[in-house]
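**Q** this one's structure only:
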């Protein structure tokens, strides 16, 4: 196996293990044992929630894990009857918000690579009687959906965890219909190129889980989205990330929207 592939497998295993802990302990005990806590998407006890009280109340109990780097559904422009894919759906928080927007004639497909998260999301869907939401285990670099199947794609503080971000955006582009949109909350880095490069070279598998060390420099991140074929790429919301690398580099939680050419 090539060295790059081995590194990707190690990173994915570390992320899966960390979020398995979150899935099993969030809302019950502290998730401090997970390598991603506290992080950019740390619990609400560490920072105010991105979600409003009404948004949290609008989903099944147990869907909100106190994590995320924004609220991508707010900027997705979802309409009744649309098909939405949620990359890294976790316990289903954003999937359920999207399902509320697209209504019973629409459909939401939530994907996550962590079995414990999928189980929790399915339990939440059953508890909330969400017949228009499906959760499936999958790598976001290779989505089990047909080409041009979705009207919109959302994701919340997940793509920074992927070891192959170009593949993720290529998959989103493939899965969207012509004219489809993406709305993604994620972490980017701001700072001098040399400082960002030095920081990222320090990234270990465990450090990657904290959302910051696996993040791309802001311009590189936006260029990666454009490189997949998207247009109208713009940052529509931002705040400081919960976890900061220190020094001259700043981690920023941004929400990015873009569209696939019609």
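**A** Yep, it's here. As the structure is a computational prediction, the values presented were derived from the model and not from experiment. Residues are numbered from 1 along each chain as shown.
**Q** part of a helix, is residue 95?
**A** Yes. When DSSP: H, G, I helix; E, B strand; the rest coil is applied, residue 95 is found to be in a helix.
**Q** that one and residue 155: what is the separation?
**A** 11 Å (C-beta to C-beta, to the nearest Å). Bear in mind the C-beta positions are built from the backbone N, C-alpha and C, glycine included.
**Q** same question, residue 87
**A** Distance from residue 87 to residue 155, by C-beta to C-beta: 4 Å.
**Q** one more: residue 128?
**A** Residue 128 is 21 Å from residue 155, by C-beta to C-beta.
**Q** of these two, which one has the most company?
**A** residue 155 (27 against 19; other C-beta atoms under 10 Å).
**Q** wouldn't the more buried one be in contact with residue 86 here?
**A** Yes. Counting by C-beta atoms under 8 Å, residue 155 touches residue 86, with 6.8 Å between them.
**Q** now for those two: what residues contact both?
**A** With contacts taken as C-beta atoms under 8 Å, 6 or more residues apart in numbering, residue 155 and residue 86 have residue 94 as neighbours in common.
**Q** just give the nearest non-adjacent residue to residue 235, would you?
**A** Spatial nearest neighbour of residue 235, chain neighbours left out: residue 254 (4.9 Å); criterion: C-beta to C-beta, 6 or more residues apart in numbering.
**Q** circling back to that earlier point, overlap in contacts, residue 87 and residue 155.
**A** Common neighbours of residue 87 and residue 155 (C-beta under 8 Å, 6+ apart) are residue 140.
**Q** ok, residue 262 touching residue 178?
**A** Yes. Using C-beta under 8 Å, residue 262 is in contact with residue 178, at 4.8 Å.
**Q** still on that earlier bit, give me the beta-bridge partners of the residue nearest to residue 235?
**A** residue 186, residue 238 (DSSP bridges).
**Q** what residues are up against it?
**A** 69, 70, 185, 186, 187, 188, 218, 235, 237, 238.
**Q** gap between it and residue 140?
**A** 18 Å.
**Q** kindly report the same for residue 103.
**A** Taken as C-beta to C-beta, the span from residue 103 to residue 140 is 25 Å.
**Q** what about these two, which has more around it?
**A** Taking neighbours as other C-beta under 10 Å, residue 103 and residue 140 compare with residue 140 leading, 25 against 14.
**Q** correct me, but the more buried one touches residue 171?
**A** Yes. If you go by C-beta under 8 Å, residue 140 and residue 171 touch, sitting 6.9 Å apart.
**Q** gap between the two ends of stretch 223-235?
**A** Using C-alpha to C-alpha, to the nearest Å, the end-to-end distance of stretch 223-235 comes out at 12 Å.
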